[in-house]
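Engineer: what would the 3D arrangement of this be:
(one chain, ligands or ions: 1)
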Amino acid sequence: MTSEYLWYANRATGAVSLILFTVVVLLGIAVRLRTRLPGLPRFGTVSLHRTLSLSAAVFLALHIALAVLDSYVGITLTDVLVPFVSDYHPLWLGLGTVALDLVLAVLVTSLLRARLGHRAWRATHWLAYGSWPIALVHGIGIGTDTGTDWMTWLTVACTAAVLTAGGIRVAHSARASRRTPASLLRTAEGARS
Ligand code: HEM
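Structural biologist: Prediction:
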């Protein structure tokens, strides 16, 4: 099956997936930093992070299904899961596949979190930071809309947002690790006196 509508819908769902994954990464950082979002109760940030990750997964599934349905590009189910084997833009599509594999690992371990335990879940959750830039480069490399004003602004806005939030996250961790030895010392001294 091939039609212009499939192609437009594939591009649109790709852009929406990028926006949703960006917001999910931002909310993940907000959860980690215990940020309370305006107008939401304390647990609201966690719920929003969870709900939007599932919405992002749905849009990503649509994006991929539309790419496979469009026989013009000849993308197979193997190309969807195994990176760099596709005849269609093997490098750029392969990066999309790597991003998908990482997202799947994060999703599955999050759904099994209670069984896996916190440490294993958290270790896998770090993959989310890797999947986001890989997906971004996939979109820039393969997208028809790359170079249009709206796509350039979208890419710049998403990148700026993730870099800013990532910077705040790193600064926060650095501050916390500087504070920890001193506070441990104070606790130990307090216990001695
Ligand atoms: C987290 C994973 C992914 C994200 C966030 C993502 C996002 C994007 C974005 C933003 C574009 C550019 C759309 C445009 O220029 O309008 C794009 C293009 C595309 N993506 Fe993905 N993608 C992902 C994974 C995949 C996977 C696994 C496949 C299929 C195996 C795929 C197939 C395609 C195709 C065929 C295009 C080109 C559409 C065109 O002709 O412009 N993507 N994707």
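Engineer: any idea how far residue 119 is from residue 125?
Structural biologist: 11 Å (C-beta to C-beta, to the nearest Å). Backbone N, C-alpha and C define where each C-beta goes, glycine included.
Engineer: so for those two, which residue has more residues nearby?
Structural biologist: Shown here are residue 125 and residue 119; by other C-beta atoms under 10 Å, residue 125 has more neighbours (16 against 8).
Engineer: ok, and the closest non-adjacent residue to residue 113?
Structural biologist: residue 121 (4.6 Å; C-beta to C-beta, 6 or more residues apart in numbering).
Engineer: contacting residues for that neighbour?
Structural biologist: Residues in contact with residue 121, defined by C-beta atoms under 8 Å, 6 or more residues apart in numbering, are 109-110, 112-113.
Engineer: the lengthiest helix in the chain - contacts with which helices or strands?
Structural biologist: With secondary structure taken from DSSP state H, the chain has its longest helix at helix 149-192. For helix 149-192, the packing partners by 3 or more C-beta pairs under 8 Å, 6 or more residues apart in numbering; DSSP states H and E come out as helix 4-32, helix 127-142.
Engineer: the last one to helix 4-32, inter-axis angle?
Structural biologist: Right, the one you point to is helix 127-142. 150 degrees (axes from the mean of the first three to the mean of the last three C-alpha atoms, to 10 degrees).
Engineer: and helix 127-142, how far from the chain's centre?
Structural biologist: Distance of helix 127-142 from its chain centroid, counting by C-alpha atoms, centre = their mean, to the nearest Å, is 8 Å.
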